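Engineer: Need coordinates for the following:
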Amino acid sequence: MVKLDKKKLYNLIFLVVFGVLFFTPLGTPVKVFIHRLVAFSPAVESADEREILDDYEWILEDMNGERAYFGDLKGQVVVINFWATWCPPCIAEMPSFQELYSDYGDRVHFLFVSQEEHQKLRDFLVKRGYDIPVYHPLSKIPEQLYSQSIPATYIIDREGGIRVSKVGVADWNSAKVRDLLEALTGS
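Structural biologist: Numbers count the residues shown, from 1 in each chain. Below is the predicted model of the structure:
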C-alpha cells in the first residue's frame, strides 16, 4: 500500500481539481467566469486606418432555414460574431452581446454565425434567454472576415470599413462600442 505524504496529497488534489476544471463540462462555468473577468472593450480603428471589406459574396441561413445574403447588407452597419455553444470565451461574451443587440438591433444588423446544428443553437439560446439572430454559413466566409479562432467579431461601417476586428473575448456592451455604434448609425 502506498502512503501519501502531505506534498503528494496536495499534488494529487491539485491534479484532480485541474482535470475537472479543464477537461470536463463541470469546468465550463469556471472558464466562462474567468473570461468575463478579463474581457475588456475591443480596440476601434479610426475611419482613416480601417481596412475596407471587398467581398460581400456570402450566403447564410437563419434559424428558420431562410437564406440571407450578406451583399444585401452593403451600406449598412453590421456586427458579425463567429461563435459556438461549446466555447467558454463565446459564452462569456454573450450577455454583453444580448444587451447590445437589445439596444441596437433596430439600427444595426447583427449576424451571430455558428457552424453548429440549429437545434443545438436553439436549445442554447432558449436555456439562457437570448433572442439574438443566429446564422449558419452556406458559402465561403469572406477572407477578410475569416478567423481560425473563435470568438471572432467584426464591426463594419456603412462604407464597408472594418472598424473593429477582435479575436477573443471582449466586453461588447462597453461605452466605447456603444459610442462607435452611435457614431456609425448617426443616432
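Engineer: Report the buried residues of stretch 53-64.
Structural biologist: 53, 58, 60 (16 or more other Cβ atoms under 10 Å). (Each C-beta comes from the backbone N, C-alpha and C, glycine too.)
Engineer: Tell me how far the first one lies from L121.
Structural biologist: Taken as Cβ to Cβ, to the nearest Å, the spacing of L53 relative to L121 amounts to 25 Å.
Engineer: picking that back up, closest one of the buried residues of stretch 53-64 to R107?
Structural biologist: L53 (19.4 Å; Cβ to Cβ).
Engineer: tell me the contacts of the closest one?
Structural biologist: Contact analysis of L53 by Cβ atoms under 8 Å, 6 or more residues apart in numbering lists 142, 144-145, 156, 160-162.
Engineer: ok, and the most crowded of the residues you listed?
Structural biologist: I156 (29 neighbours; other Cβ atoms under 10 Å).
Engineer: any low-confidence regions in this structure?
Structural biologist: 1-2, 17-41, 187 (pLDDT under 70).
Engineer: partner strands of the lengthiest strand in it, parallel or antiparallel?
Structural biologist: Looking across the chain with DSSP state E, the single longest strand is strand 161-167. Under the criterion DSSP bridges, strand 161-167 sits next to strand 51-52 (antiparallel), strand 152-156 (antiparallel) in its sheet.
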